[in-house]
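**Q** Task: produce atomic coordinates for the following.
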Amino acid sequence: MTKFDSIRPYYDAEVNEALQATIKHPMLRAMMNFAFPGTEDEVWKNQLRRTHSIRDFQCNFIYETIKKVLEKSSEGLSTSGFEKLEKNSAYLFISNHRDIILDTSLLNTALFEHGLVMTASAIGDNLVKKDFLKTISRLNRNFIVQRGLSPRELLQSSKLMSEYIERLLLHENRSVWIAQREGRTKDGNDATNSGILKMLTMASGEKDAMDYCKELKIVPVSISYEYDPTDALKMPQLLAEANQEVYVKSENEDFQNILSGIMGQKKHIHIHIGDVLDTELDIIKNEFPNTNKQIQALTQVVDDSILQSYKLWPTNFIAYDVLNNTNQFSKHYSENEKSLFERRLELKIDSKNEQMRDSFLAMYANPVVNKLKYDAI
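**A** Predicted coordinates:
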């Protein structure tokens, strides 16, 4: 076993064997029939049998699947900022996180279409408990983040993760995607957990933390969905937390979220690529000699980039106005768009439950609240 075997994706030499072992799985068949409707099973099976690298699997199968997801469940993906990235360069993308599978898949779709290096992407081990999902995630160049560890195990796991990310970025020229915090943002308040940034610097050795971060080429990413396909599914946890209750996931909750995220209606989606952090790191290094203070300052820089670049949709403005009983942002949406959003509210949740209604609206309204801290809208 090599050092990273417990968390790494497949090597290319292992890809074909993994595909051969999975080729008869009913979930793979469902995925392929969705991506290639009307195609005989033997056609895609033969193509899989000839697949010997992660890139081939991603380009020929995952990419086609995501294009079909966009076609069936959205009104299109738009992007901005990708022109700032250099071809054949690896970047560390730190992104807000709204959907378990799609956030990273959509980013890779855009990177592929722009001719840029695609990512190895962090995924929680709670999402790949089923053998099939673990296999597909490793074929899609995901690496595993271990959850639910003791403090000592967490320290060891974080160090291993930091070293693996360093290896990917600085030695394999492989871009990396990592969420700004553990788990998806459920209330619409995208905020970076400084522990994530601290983990990234654990492999810095004797280097100054900010000098090391400059080597990693950190790029904040904002992804915004007009409709969150899992909005209603987030309500029970939000209500439990609001009432200071312990929330316990149901057995298949993560899997249900994966399916709903993929197939649920999203309308428009936008990904914005922020600037590569550079001069900001120099300023932080000069102002804060203490590493912990540097990490806190870097956390704020990442937050500022993500929140300012977040694309607001009519749904965000409608939710803000309804929640606050105002028409402040009425110029940003039509009456028809408002009616459709209010209809969604009625269908998705018990709108007579005031706490649930307000939580649902706040999920969409909070990005407006956050944007107002920076700009007049």
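**Q** can you give me the strands in the stretch 1-150 of the chain?
**A** Counting by DSSP state E, counting those that start in this stretch, the stretch 1-150 of the chain has strands at residues 74-80, 92-95, 119-124, 142-145.
**Q** who wins for proximity to Met161 among these?
**A** Of all the strands of the stretch 1-150 of the chain, strand 142-145 sits nearest to Met161, with 6.7 Å by C-beta to C-beta. For glycine as for every other residue, the C-beta is placed from the backbone atoms N, C-alpha and C.
**Q** Report the next helix or strand after the closest one in sequence order.
**A** Using DSSP states H and E, the next helix or strand after strand 142-145 towards the C-terminus is helix 151-166.
**Q** quick revisit: among the strands of the stretch 1-150 of the chain, which is nearest Ala209?
**A** It's strand 92-95; of the strands of the stretch 1-150 of the chain, that one is closest to Ala209 (C-beta to C-beta) at 13.9 Å.
**Q** and that closest one, how far from the chain's centre?
**A** Strand 92-95 sits 9 Å away from the centroid of its parent chain (C-alpha atoms, centre = their mean, to the nearest Å).
**Q** Strand partners (parallel or antiparallel) of it?
**A** Its sheet considered, strand 92-95 pairs with strand 175-179 (parallel), strand 218-225 (parallel) by DSSP bridges.
**Q** okay, the ones you listed in CSV with mean pLDDT next?
**A** Below are the strands paired with strand 92-95 laid out as CSV (pLDDT from 0 to 100):
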stretch, mean pLDDT
strand 175-179, 97
strand 218-225, 98
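**Q** Rebuild these as TSV, extending it with distance to Ile273.
**A** Listed next are the strands paired with strand 92-95 as TSV, based on distance: least, C-beta to C-beta, whole Å:
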stretch	distance to Ile273
strand 175-179	11
strand 218-225	6
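**Q** and Thr315, which of those is closest to it?
**A** So among these, strand 218-225 is nearest, using C-beta to C-beta, at 8.8 Å.
**Q** Can you name the secondary structure element that comes next after that closest one?
**A** Once strand 218-225 ends, the next helix or strand along the chain (criterion: DSSP H and E) is helix 235-242.
**Q** Pull out the CA atoms of that following helix and give them to me as PDB.
**A** Provided in PDB are the C-alpha atoms of helix 235-242 (Å, rounded to 0.1, in the frame of the first residue of the first chain):
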ATOM      1  CA  MET A 235     -35.600  22.000   5.800                       C
ATOM      2  CA  PRO A 236     -35.700  19.300   8.500                       C
ATOM      3  CA  GLN A 237     -32.000  19.900   9.400                       C
ATOM      4  CA  LEU A 238     -32.400  23.700   9.400                       C
ATOM      5  CA  LEU A 239     -35.500  23.500  11.700                       C
ATOM      6  CA  ALA A 240     -33.700  21.100  14.100                       C
ATOM      7  CA  GLU A 241     -30.700  23.400  14.300                       C
ATOM      8  CA  ALA A 242     -33.000  26.500  14.800                       C
END
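**Q** Can you give the contact residues for that helix?
**A** 186-187, 246-247, 349, 355-356, 359-360, 363 (C-beta atoms under 8 Å, 6 or more residues apart in numbering).
**Q** again, only using 7 Å
**A** 186-187, 247, 349, 355-356, 359-360 (C-beta atoms under 7 Å, 6 or more residues apart in numbering).
**Q** which one of those has the most neighbours?
**A** Phe360 (25 neighbours; other C-beta atoms under 10 Å).
**Q** residues in contact with it?
**A** 231, 235, 345, 349.
**Q** element containing it?
**A** Phe360 belongs to helix 354-372, assigned by DSSP H and E.
**Q** For that helix, what does the pLDDT average out to?
**A** For helix 354-372, mean pLDDT rounds to 94.
**Q** How far does it sit from its chain's centre?
**A** That offset, for helix 354-372, works out to 20 Å (C-alpha atoms, centre = their mean).
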